[in-house]
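**Student:** Any chance you can model this:
(chains A and B)
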Protein chains: 2
Amino acid sequence: MTYDIVIHNGTIVTVNPDFDIIEDGVVCIKDGVIQSVGKGEKGKTLPEAADTINADGGIIMPGLVNTHTHLAMSLFRGVADDLPLMTWLNDHIFPAELKFINPENVRLGALLSCAEMMLSGTTCCCDGYFFEDNTAQAVQEIGMRAILGQGVIDLPAPGVPNPDDNISHAVKYVEKWMGRTPLIQPSIFCHSPYTCSNATLKNAKAVALSLGLMFQIHAAETKWEYEPIESMHHETSIAYLDRIEVLDSKTLLVHAVWLDDDDISLIADSGATIAHNPESNMKLASGTAPVHQLLNAGITVGLGTDSCASNNDLDMFSEMDSMAKLHKVVSLDPAVMDAKTVLKSATIDGARAIGLEKEIGSIEVGKQADIIVINTDQPHLVPMYNPVSHIVYAVKGSDVRDAVIGGKCVVRDRELLTVDVGEIMKKVKGLM
Amino acid sequence: MTYDIVIHNGTIVTVNPDFDIIEDGVVCIKDGVIQSVGKGEKGKTLPEAADTINADGGIIMPGLVNTHTHLAMSLFRGVADDLPLMTWLNDHIFPAELKFINPENVRLGALLSCAEMMLSGTTCCCDGYFFEDNTAQAVQEIGMRAILGQGVIDLPAPGVPNPDDNISHAVKYVEKWMGRTPLIQPSIFCHSPYTCSNATLKNAKAVALSLGLMFQIHAAETKWEYEPIESMHHETSIAYLDRIEVLDSKTLLVHAVWLDDDDISLIADSGATIAHNPESNMKLASGTAPVHQLLNAGITVGLGTDSCASNNDLDMFSEMDSMAKLHKVVSLDPAVMDAKTVLKSATIDGARAIGLEKEIGSIEVGKQADIIVINTDQPHLVPMYNPVSHIVYAVKGSDVRDAVIGGKCVVRDRELLTVDVGEIMKKVKGLM
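**Tutor:** This next block holds a predicted model:
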């Protein structure tokens, strides 16, 4: 067989169930799928391939999965920082959205975000925003894998001036993008339990269930979210969502910072998954999610960056580093949240959190070829004792040399091959 | 006048007392010193210079000051992670030091660390280790600015097998390097109040005072440090150091995590300064230093990375990001530790913490020309609303395009000009 791509001469961090690490590894790809994963044999010639990527002794690993972002909000990177949450939201983010959010700008912001992510090793993301049809166009154009959720909120929103139309609008978007392209799956994103009514949540979840979609929702992000929920429903956000039957294995709870033991049990019993965004939770001072307890309860926790408005970048390598270090310092235990656990959150557990664990998240035969190559020949990556702790604590997004998504090489020698990045940046700068 | 270097066409973040930000700025350098800082005039030709650096619309800022590291320990980057502190130290770091630490390897490790720092925007560091003479040779060779402290400890140490010789050994090193080269100042680094006797601390501080040197010491890093100090001295580390007259404005307290209100008052009254190492404190789960209270008490806090063995890199941009975010989440207040405060800790306050605030830490006429240029023409740095928050929350070490130290261009277009980095990395890999 002539393969489409052969990647060789690197240490493969497979993130397969045995967490195999293969020195001098070779990965063969055909028709978008990983056909073989193994050790190179000295003196033996490489399998024939249309394209061969020599990792030059670097790391070959699964592309990272960013379980939570709002792609278009790259337009608001650093528009307002170091402010109390409500000042930030009401005086800066909402006015900026009013000014900038339209279909063309959503497409542009999404292109910018995807370019940043692909150049820093993220090959799949899970998004939620408005004008999601335009986000999907951008994601398709740039060649990234994504779950893309149309935002649902019981307030006038960009593209959905009348909240009564929010679910029908989302359904129209979903119907357009279901099965349209192998890399994109549409989804529904209810903003939160305090901005969506009981009826909206139930109806949106019912639609998502009937169409087999991921259902996303911000939940238990901040301490002050407790108050309106408690006063309305006399229970926690999680207990409320559970009672109205929104929690199941196709529901992704974003943030999940303020949880009590009962909340954790409800989540575990329901099979719902978590998108953990440590840097956003740190920067907005939301709090520290009880990830150690969530993992101990058997709950799937995927890592995410949140949007550029609250982070201020989409770099999953720095997010891994922050995840590990935050939980260590908060628990005063250097052994919690080890590098292996964190790497899984950014790959296979991230994939599992968004329902894609059978397709992506590890380098295994039969899976989609979403693979990145790290250039380790740099002062900050020498020496290398352990590639896994290196990935979490030393590798930077800028060390990603190549990226393959669905068997197509999209980044080569740090150049994005699918779109003109310079042109995107120029257009974004032109908006300001 | 023909200048040595003119840097132009960028936004200058001066970090001067008024925190001026100059769009389309021009900096002129001659004889290692900043001669002028101002706005470019449209249509006017640039001042004549032997070398002109066009910042291409990026950021022109002071080189970063890393107030705490152990340069040679880059050899132990990632040798052991995610372990309890004493296991990490006793079973991994100490054995690795026994195996690898000799004069030539200290030189090699220091070259590697300096290469990493200069390529990520740090132009000055404050170090403490053994075989410091060899560290100084490396730092001189690579052309970095540094305060370099010979380690003093009442245990057999690399190069000082008999602890009785520890101070005389340090004095010999200091005498060799005092006034030898403009970029290097020798110093004395007592390891800690629990590994140095009362007599050692007093004598080492007396020597440092008489020679006008910075005196460095790890203090109040971990909770368990309290016990031996308390049981020996019936007081906190800081109260003890104050009582034996080790605290004054030429003493740098490294870490200072576990402090009570009295400790903070003692530090403020003494004029001692702090090296704050958030990522090391997070990774080793030491705790969160009360930086907000230290700053409110008028204490100078400089930022540092600590060594590669506990971080695992020397990237001051990621350290700034972590500093801001850590204190926000721990205090649940997004307005504490704003970008300006953090940037000062990494520049002018870092310089002040190590006694160099008259020479470096800001872009001002008469100061040494330690300046870096950031390439902002990248997807993760577009758009730019505020260069200061951009520096703290979005810029990465790998975005540093050029670096000037003492008026000499040492990094140009991401290439280190003073040493062969490839050769250093090859030699380090050869040790493993």
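**Student:** The host helix or strand of A:Cys114 packs against which elements?
**Tutor:** A:Cys114 is part of helix A:103-119, with elements assigned from DSSP states H and E. Contact partners of helix A:103-119 among helices and strands, from 3 or more Cβ pairs under 8 Å, 6 or more residues apart in numbering or on different chains; DSSP states H and E: strand A:122-129, helix A:132-142, strand A:400-405, strand A:408-412, strand A:415-416, helix A:421-431. For every residue, glycine as well, the C-beta is placed using N, CA and C.
**Student:** and the nearest residue to A:Pro62 once chain neighbours are set aside, how many neighbours?
**Tutor:** Nearest non-adjacent residue to A:Pro62, counting by Cβ to Cβ, 6 or more residues apart in numbering or on different chains: A:Thr347, 4.6 Å away. Using other Cβ atoms under 10 Å in any protein chain shown, A:Thr347 has 31 other residues around it.
**Student:** I am assuming A:Thr347 contacts A:Phe19, so please confirm or correct that.
**Tutor:** No: with contact defined as Cβ atoms under 8 Å, A:Thr347 does not reach A:Phe19; the gap is 10.7 Å.
**Student:** Figure out which of the helices and strands packed on helix A:103-119 is closest to chain B.
**Tutor:** Nearest of the helices and strands packed on helix A:103-119 to chain B, taken as Cβ to the nearest Cβ: helix A:421-431 at 4.7 Å.
**Student:** Would you format the helices and strands packed on helix A:103-119 as JSON lines with mean neighbour count, mean pLDDT and distance to chain B included?
**Tutor:** Shown next, in JSON lines, are the helices and strands packed on helix A:103-119 (neighbours: other Cβ atoms under 10 Å in any protein chain shown; pLDDT from 0 to 100; distance: least, Cβ to the nearest Cβ, whole Å):
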{"stretch": "strand A:122-129", "mean neighbour count": "29", "mean pLDDT": "98", "distance to chain B": "12"}
{"stretch": "helix A:132-142", "mean neighbour count": "23", "mean pLDDT": "98", "distance to chain B": "11"}
{"stretch": "strand A:400-405", "mean neighbour count": "26", "mean pLDDT": "98", "distance to chain B": "11"}
{"stretch": "strand A:408-412", "mean neighbour count": "20", "mean pLDDT": "98", "distance to chain B": "12"}
{"stretch": "strand A:415-416", "mean neighbour count": "16", "mean pLDDT": "98", "distance to chain B": "8"}
{"stretch": "helix A:421-431", "mean neighbour count": "15", "mean pLDDT": "96", "distance to chain B": "5"}
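**Student:** mind checking how far A:Ile363 is from B:Asn375?
**Tutor:** A:Ile363 sits 32 Å away from B:Asn375, going by Cβ to Cβ, to the nearest Å.
**Student:** Have a look at the two and say which one is more surrounded.
**Tutor:** Relative neighbour count places A:Ile363 above the other of A:Ile363 and B:Asn375, with 26 against 20, counting by other Cβ under 10 Å.
**Student:** what's the nearest residue to the more buried one if we skip its chain neighbours?
**Tutor:** Setting aside the residues directly before and after it, A:Ile363 is nearest to A:Thr14 in space (Cβ to Cβ, 6+ apart), at 4.6 Å.
**Student:** count of neighbours near the one you found?
**Tutor:** A:Thr14 has 21 neighbours, counted by other Cβ under 10 Å.
**Student:** where does the residue most central in space within chain A land in three-state SS?
**Tutor:** When Cα atoms, centre = their mean is applied to chain A, the residue found nearest the centroid is A:Asn66 (1.6 Å). Per DSSP: H, G, I helix; E, B strand; the rest coil, the local secondary structure of A:Asn66 is strand.
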